[in-house]
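Undergrad: Mind folding the following:
(2 chains)
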Amino acid sequence: MSKDRYNFREAEPKWQKAWEEAGYARASEDDDRPKFYVLEMFPYPSGRIHMGHVRNYTLGDVLARYKRARGFNVLHPMGWDAFGMPAENAAMDKGVHPKKWTYDNIAHMKGQLKRLGFSLDWSREFATCDPEYYKHEQAMFLDFMKAGLVERKKSMVNWDPVDQTVLANEQVIDGRGWRSGALVEKRELEQWFLKITHYAEDLLKGLDELKNWPEKVKLMQRNWIGRSEGVRFTFELRDEQGNPWPERLPVFTTRPDTIFGASFVALSADHPIVKALAEKDADIAAFRRECAALGTSEEAIEKAEKKGIRLPLNAVHPFRPDVLLPVYAANFVLMGYGEGAIFGCPAHDQRDLDFARKYGLPVIPVVCPKETPPEKCEIGDEALTDSEGDDLVMINSDFLNGLTPRQAKEEIARRMEEMGIGERQVNYRLRDWGVSRQRYWGCPIPVIHCPKCGVVPVPKEDLPVTLPEDVTFDKPGNPLERHPTWKHVKCPQCGGEATRETDTFDTFIDSSWYYARFCSPKAEEPVDLEKAKYWMPVDQYIGGIEHAILHLLYSRFFARAMKDTGHLHLKEPFAALFTQGMVLHRTYRTESGEWVEPALVGQREDGSLYHIETGEKIIAGAVEKMSKSKKNVIDPENIVEQYGADTARWFILSDSPPDRDFEWTEAGVEGAWRFTQRVWRMINTIADHQPPAERPETFSDAAQGLRKAAHRALKAVTEDIEALRFNRAVARIYELANAISDFLKSHAKDMTADQAWTLHEAARLMVQMFSPMMPHLAEECWQALGQEGLLALRAWPEPEEELLEEDTVTLPIQVNGKRRDEIVVPKSMPNEEIEALVLQRDAVKRAVGDKSVRKVIIVPGRIVNVVAK
RNA sequence: GCGGGCGUGGCGGAACCGGUAGACGCAGCGGACUUAAAAUCCGCAGGCCUUCGAGCCGUGGGGGUUCAAGUCCCCCCGCCCGCACCA
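TA: Have a look, this model is predicted:
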């Protein structure tokens, strides 16, 4: 290879082949070394990899390669999250079968990943749409059923009345179906649920043990689970004539202390009482329809204006029998939480306040800061929601007056229990996981519906229940439902005519246990426990923050369910979690507002932008997440083609901390590209200086300086890689490269033996340091430096301790907190001596002026601050 | 709406546990080399002011704690992520 120009087109395939032949990325359980399981969230096979994948898998690959060099037996597998809606959309739009579309995409993307040089153990690859994978999923579901973790109940879906199809939330746009444009309705269907709430407490407690998870993710999960302690109690209801209603109304509240501030009661529009009343009242029925048009997403419901309708009912205040509270149906009360009914206390809940103001209901403050006189305690536009402060006191509340809200909660709970109308209750926001999907391209749910026997599980020996391939997507709805023969089977129990379940699983199930399958991808059972015991848990999991709640919570749930059914031995699958940021790119538009892809944007001398094909003026827009709709997408394939894998990897690691968003820029890749070329030239220059075979006895000052720089860089880079601070590691490597350049410049002409030796040492260390990031270039450099064998197989170097120490230290000197001077002192200098030295300095004297020195603060090794007044 | 996060030069970022703000890279400017350009190499570089000693201002905005605040506390603004059928 040319010494002037690094040819990645030649080098990259060569080293990829060499690693493969060496079995570099193959993982085996039969190994004495400690194990390390690094896993990145597997991709959906959309067709092409995108920059987000490049970033994700580069982060993981750096760690995998580093850990191998550190003596770990590393498992770094890859697979495909292959079921899901896009395959069906492609079938509808382009007429291609979901299976063909998916497997073609996988083949293409696999090639792309290989060209990026990721050290993945491809022998463990699988796709979740392989019957070999999903048959185990079906088997586990049957075991979950036996263990009582599965339930069948009614729940709401978005229904498109024109397409006669169930819609995903993302397919509902402003309350209308994305294809038909029809107003979406809510519809109740019998569906399968996994009882994640069974583990609510355990999932919450388990978070405390996850020391290497980001606090923000744990906090989000805690809030999602939403444990709350409160009281469930019942109201007596009366109709408009004052006659008692046959049943009492149960409500749940976390704020029983505010009961004397109650000014209304609100029921969910889907509450059985509201449903019953709607039968006889057109207005209530209309209100229910209005609520149904909001769809099923909590976001849409909460964003909507708070609205309600008065029901012909009143509720009797439990402690003031003469007070009747009006009862409403309200759009912000969720049927799925608590009892689907609340009492409203406008003074101390924002939603209740908004509602009360809209309908002219009284706002009675019952909690008041202690220092405020009760008669001055007023509520404006903002409710006073705090109930924990000891500086709060109950007012307007009969026997509660004078207590803190905390005491009042206790007192009310006690009295309600005494009266027999309520009890304390722990409630969770977390709902059971609805896993039924009315779609074709998913894992079939392995049950049969028999008119005589009811729901009958498919016997395990009949698994997998596979998808029929002769299906069409020319009509809306689920092809499994209308397939002529597939669903018709004999009942396994009575042998009579029966039908298969035509719903398939939520694809989140597929991704809730794949990490365990990678331990034994060919096992006869879902997971080979011996192998799982060796590899699990995942030591480092890496993926996007967008999965902070659902995917990660479902996976934690699945591990628990698998443990309880004997399929896994631990509850927490991911020992450490890292959440990467998104990849962004600037957007461009023409003056008429059309998006333009970055490749078509040219820049003139004066900096103005133009369309390179049409010459139109182009306006630069915001830097945003890469998305097809805004055309600000850079295809990794083009980047690898133009610059090679190492440049792409290096750039994506270099600019931003991995957990923050990353802006892809042309200039940035160019910079990374130049660095690869600069390194290659530098290494070849160094190779020309033959080092002595033996390590020199002594080193010149210059050589010693370079050795210190190299070993310090090694220490810093090692720490940065361990902490996944790859951008800092990159900066340290740049610094070392600069130090080596400087050294070469000043000593190239009359290089002594010790200097040549030092140069080679520094060069080897630098190459090793960037080898996890730019593995191909590193191998090529390693060879150029005359080293034998694959660098990938070499142990990570250790810095020499004595080169890391410094005997002097530079201390900045502040006077009253402002930096005025600095001194260089021996590390061992006692504080009194430092103080004396500092006070003699001209700059210090000048800054002190005619004030007198009150104190001198010395932080050893860091700073001196002179306090003068 | 609710929950979570982020905000530092022209740009991406660095700054450990409260201790020199701006490492490193990108872009820029000046110079060398070249017939020329590219590439490469060297140098400069937060802002203001300057009598060239220095000084003042500066980490989204406002307040506070401290000898010392990008970092801790309170309030506000902007952007991003999630909200249970996108993956």
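Undergrad: can you give me the strands for the stretch 401-550 of chain A?
TA: A:422-427, A:433-434, A:436-437, A:447-450, A:454-457, A:488-490, A:497-500, A:504-505, A:540-544 (DSSP state E, counting those that start in this stretch).
Undergrad: Out of the ones you listed, which gets nearest to A:Val601?
TA: Closest to A:Val601 of the strands of the stretch 401-550 of chain A is strand A:540-544 (CB to CB; 27.7 Å). C-beta: built from backbone N, CA, C; applies to glycine.
Undergrad: for the closest one, the distance to its chain's centre please.
TA: Centroid separation between strand A:540-544 and its chain, computed with CA atoms, centre = their mean, to the nearest Å, is 8 Å.
Undergrad: Nearest residue to the middle of chain A?
TA: Chain A has A:Ile545 as the residue nearest its centroid, 2.5 Å off, counting by CA atoms, centre = their mean.
Undergrad: What residues does that one make contact with?
TA: A:217, A:579-581, A:659 (CB atoms under 8 Å, 6 or more residues apart in numbering).
Undergrad: let's go with 6 Å and repeat that
TA: Residues near A:Ile545 by CB atoms under 6 Å, 6 or more residues apart in numbering: A:Thr579.
Undergrad: Name the SS class of A:Val623, please.
TA: strand (DSSP: H, G, I helix; E, B strand; the rest coil).
Undergrad: My guess is it contacts A:Leu584. True?
TA: Yes: counting by CB atoms under 6 Å, A:Leu584 is a contact partner of A:Val623 at 5.0 Å.
Undergrad: Between the two, which has more neighbouring residues?
TA: The neighbour comparison of A:Val623 against A:Leu584 (other CB atoms under 10 Å) goes to A:Leu584, with 20 against 14.
Undergrad: And that one, which helix or strand is it part of?
TA: strand A:583-590 (DSSP states H and E).
Undergrad: what pairs with that strand, and is each one parallel or antiparallel?
TA: Using DSSP bridges, the strands paired with strand A:583-590 are strand A:595-596 (antiparallel), strand A:617-625 (antiparallel), strand A:662-663 (parallel).
Undergrad: Any part of it near RNA strand B?
TA: No: applying CB under 7 Å from any atom of the strand, one finds strand A:583-590 separated from RNA strand B by no less than 8.9 Å.
Undergrad: comparing the strands paired with strand A:583-590, which gets the lowest mean pLDDT score?
TA: Note on the strands paired with strand A:583-590: lowest mean pLDDT is at strand A:617-625, with a mean of 81.
Undergrad: quick one on the thing from earlier: who touches both of A:Val623 and A:Leu584?
TA: A:Glu663.
Undergrad: and the stretch 301-450 of chain A, which residues reach RNA strand B?
TA: Residues of the stretch 301-450 of chain A lying near RNA strand B (CB under 7 Å from any atom of the strand): A:302-303, A:350-351, A:429-431, A:433-434, A:436-438.
Undergrad: Which one of those sits in the busiest neighbourhood?
TA: A:Arg437 leads these on contacts (other CB under 10 Å) with 25 neighbours.
Undergrad: distance of that residue from A:Lys869?
TA: Per CB to CB, to the nearest Å, A:Arg437 is found 73 Å from A:Lys869.
Undergrad: Same check on A:Ala763?
TA: 55 Å.
Undergrad: Then A:Pro484?
TA: 94 Å.
Undergrad: buried sites along stretch A:392-404?
TA: A:392-397, A:400, A:403-404 (16 or more other CB atoms under 10 Å).
Undergrad: if you average pLDDT over that stretch, what comes out?
TA: The model assigns stretch A:392-404 a mean pLDDT of 91.
Undergrad: measure that stretch end to end?
TA: Taking CA to CA, to the nearest Å, the first and last residues of stretch A:392-404 lie 6 Å apart.
Undergrad: what residues does it touch?
TA: A:260, A:364, A:366-368, A:370, A:374, A:390, A:405, A:408.
Undergrad: let's see it at 8 Å
TA: A:257, A:259-261, A:319-320, A:364-370, A:374, A:377, A:386, A:389-390, A:405, A:408, A:411-412.
Undergrad: Run the chain-centre distance for that stretch.
TA: For stretch A:392-404 - counting by CA atoms, centre = their mean - the centre lies 44 Å from the chain centre.
Undergrad: Excluding covalently adjacent residues, which one is nearest to A:Gly786?
TA: A:Ala687 (6.8 Å; CB to CB, 6 or more residues apart in numbering).
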